[in-house]
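Visitor: I need the structure of the sequence given here:
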Amino acid sequence: MKTLASKIQLEFQIEGVGHCAVYEDELQPIWPLNEQDREAKIAQFAKEYGFHLSFYKLGLCAIFVKNPTSFRL
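Guide: So this is what the prediction gives:
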């Protein structure tokens, strides 16, 4: 999870747009498609690392946005 959080933070810095899309090929190793409460777990991950889950579509992607709180690893 730390690696994914670092990737998201790097995208925020490089792109400078304040959002990052993470597609299923990166989500599935952490949260399998059939995992119960998957969206809630992804949202919790975002909160723990200082992001916000703004969009989620099963089988497609999750879009994270910056939170005003500081990022931590």
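
Visitor: can you confirm residue 20 is in a strand?
Guide: Yes. According to DSSP: H, G, I helix; E, B strand; the rest coil, the state of residue 20 is that of a strand.

Visitor: and it, how many residues sit next to it?
Guide: Neighbour count for residue 20, taken as other Cβ atoms under 10 Å: 20. For glycine as for every other residue, the C-beta is placed from the backbone atoms N, C-alpha and C.

Visitor: Just want the phi and psi numbers for the spatially closest residue to it that is not a sequence neighbour.
Guide: Distances taken as Cβ to Cβ, 6 or more residues apart in numbering put residue 11 closest to residue 20, at 4.0 Å, once the chain neighbours are dropped. Dihedral pair for residue 11: phi -60, psi -40, per degrees, to the nearest 10.

Visitor: shouldn't residue 11 be in contact with residue 5?
Guide: No. Residue 11 lies out of contact with residue 5 (Cβ atoms under 8 Å); the separation is 10.9 Å.

Visitor: list residues touching both of the two?
Guide: Counting by Cβ atoms under 8 Å, 6 or more residues apart in numbering, no residue touches both residue 11 and residue 5.

Visitor: packing partners for the least confident helix or strand in the chain by mean pLDDT?
Guide: Lowest by mean pLDDT, DSSP states H and E among the helices and strands of the chain is helix 2-15, with a mean of 89. With contacts defined as 3 or more Cβ pairs under 8 Å, 6 or more residues apart in numbering; DSSP states H and E, helix 2-15 has these neighbours: strand 19-23.

Visitor: Check which helices and strands the strand it packs on sits against.
Guide: Secondary-structure packing of strand 19-23 (3+ Cβ pairs under 8 Å, 6+ apart): helix 2-15, strand 61-66.

Visitor: most tightly surrounded among those?
Guide: Of all the helices and strands packed on strand 19-23, strand 61-66 carries the top mean neighbour count, a mean of 20, counting by mean count of other Cβ atoms under 10 Å.

Visitor: Can you check what angle separates it from helix 2-15?
Guide: If you take axes from the mean of the first three to the mean of the last three Cα atoms, to 10 degrees, strand 61-66 sits at 70 degrees to helix 2-15.

Visitor: And strand 61-66, what does it pack against?
Guide: strand 19-23, helix 24-27, strand 51-57.
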